[in-house]
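[1] using only what follows, build the 3D model:
(chains A and B)
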Protein chains: 2
Amino acid sequence: MIEKNGVVLVLSGPSGAGKSSLIHKIDKDIGDYYFSISTTTRSPREGEIEGVHYHFVSKESFVKDIEEDNFLEHAIVHGNYYGTSLRPVREALSEGKLVIFDIDVQGNMAIKNRLGDITTSVFITPPTLSELKHRLENRSTDDKEVIDGRIKVARREIQRTSEYDFIVVNDDLDIAANVLRQIAITARLKIPHDKINEFVQQWEDIE
Amino acid sequence: MIEKNGVVLVLSGPSGAGKSSLIHKIDKDIGDYYFSISTTTRSPREGEIEGVHYHFVSKESFVKDIEEDNFLEHAIVHGNYYGTSLRPVREALSEGKLVIFDIDVQGNMAIKNRLGDITTSVFITPPTLSELKHRLENRSTDDKEVIDGRIKVARREIQRTSEYDFIVVNDDLDIAANVLRQIAITARLKIPHDKINEFVQQWEDIE
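    As a prediction, this is how the structure comes out:
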């Protein structure tokens, strides 16, 4: 049972869409939040830090966590496991926090199924494909093969943007941040179904 | 075909929930909007004004409009027809307005089916059933039979609040107005699926 005092904000979109920059720009304005860190069995890329970008674990450890039902959602992508541990999310929600996920379209659907009543989902996209290429090349953290892979994923994911509550085109960072801030603040106003049911029950009890 | 430059805000909830007072409190802050007026075949109650509370029409006229597909949605309640004319809604949406509907749970589902991609729905409720009774009795516009009918409908509709994006408990009018204002402003950020599809198409065209 997940005690839903908090709410969920799902952010999806290609790397290079500017999700981190956007969160950084609005993080003073959205109240107490918890940014969910995914767990993966793939090896860290250059510059990736344990506990910041991912929790890096062995395949054995991951499979054990699946068996013990410790994941909110998990998936296999290119032979690597990715997942979201349930425990920190459950804690953050019980503490009334806004829980932010940076997760792919597959993960968005999984979270919608588990926490749909308190979830607001946002797909963040660069204005054009060539702008995305430009941004990925300029970061120069990734080699050509990784960039090509990211572009391929972006083209596939953008087909599924209609599964999201909102789409934010990140052309001008300040404008996109204003839009995302507005959405994040409104996301707080979601009331979980179990609390609604309590409220409805109380209506029935009278008289 | 409905040209979706605008967005939709559905407000449901029992009479006595304070929908009109809330709209009045926020109407300076939510930009250019069009408040949809329903059409009905029932007779005006005391104090109800043609074109303000409803468009009052004959059954013949209503049925003709159904046959000509002139309604966005319509339903029969207690033997009377209620419906929303398509034309003014289509006009307001093409002009980029926020279209506000004060409509029942049945109407909400119908609008969700037609305009779900640009719709934000809000159920507004008094804090308790006894408060609702109190408010309806104090308005003294309705006789006991009408009040009992409204209470009955309220008890039934509150079972379906989970069909809404947001629930606003109108206990303190100022607090509820702040919440609704926030929701209405964020509702503007919805992008219709056809515009998203154009955007996605443009990604495909490149390269």
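
[2] which residues touch the spatially most central residue of chain A?
    The residue lying closest to the centre of chain A (Cα atoms, centre = their mean) is A:Phe101, at 2.3 Å. Residues counted as contacts of A:Phe101 (Cβ atoms under 8 Å, 6 or more residues apart in numbering or on different chains) are A:Val8, A:Leu9, A:Val10, A:Leu11, A:Ser36, A:Thr84, A:Gly107, A:Asn108, A:Ile111. Heads up, the C-betas are built off the backbone N, CA and C, glycines and all.

[3] and of these, the nearest to B:Lys144?
    Of all these, A:Val8 has the smallest distance to B:Lys144: 45.1 Å, by Cβ to Cβ.

[4] would you say the closest one is within a strand?
    Yes: assessed with DSSP: H, G, I helix; E, B strand; the rest coil, A:Val8 lies in a strand.

[5] so which strand or helix has the closest residue in space to A:Val63 that isn't next to it in sequence?
    In space, and not counting its chain neighbours, A:Val63 is closest to A:Tyr81: 7.8 Å by Cβ to Cβ, 6 or more residues apart in numbering or on different chains. For A:Tyr81, the element it lies in under DSSP states H and E is strand A:80-85.

[6] now do that strand: distance to the chain's middle.
    13 Å (Cα atoms, centre = their mean, to the nearest Å).

[7] would you mind listing the buried residues in whichever helix or strand comes after it?
    Going down the chain from strand A:80-85, the next helix or strand is helix A:86-94, by DSSP H and E. Within helix A:86-94, the residues scored as buried using 16 or more other Cβ atoms under 10 Å in any protein chain shown are A:Leu86, A:Val89, A:Arg90, A:Ala92, A:Leu93.

[8] same thing with stretch A:176-194?
    In stretch A:176-194, counting by 16+ other Cβ under 10 Å, buried: A:176-177, A:179-192.

[9] that stretch and chain B in contact?
    Yes: using Cβ under 8 Å from any Cβ of the partner chain, stretch A:176-194 reaches chain B at A:Val179, A:Gln182, A:Ile183, A:Ile185, A:Thr186, A:Leu189, A:Lys190, A:Ile191, A:His193.

[10] now do that stretch, average pLDDT.
    For stretch A:176-194, mean pLDDT is 96.

[11] can you name the residues of chain A that neighbour chain B?
    Residues of chain A lying near chain B (Cβ under 8 Å from any Cβ): A:117, A:125, A:128-130, A:155, A:158-159, A:161-162, A:165-167, A:169, A:179, A:182-183, A:185-186, A:189-191, A:193, A:196-197, A:199-200, A:202-204, A:206-207.

[12] just the buried ones out of those, please.
    Judged by 16+ other Cβ under 10 Å, buried ones among the residues of chain A next to chain B: A:117, A:125, A:129, A:155, A:158, A:161, A:165-167, A:169, A:179, A:182-183, A:185-186, A:189-191, A:196, A:199-200, A:203.

[13] how many neighbours does the residue nearest to A:Val63 have?
    Neighbour count for A:Tyr81, taken as other Cβ atoms under 10 Å in any protein chain shown: 21.
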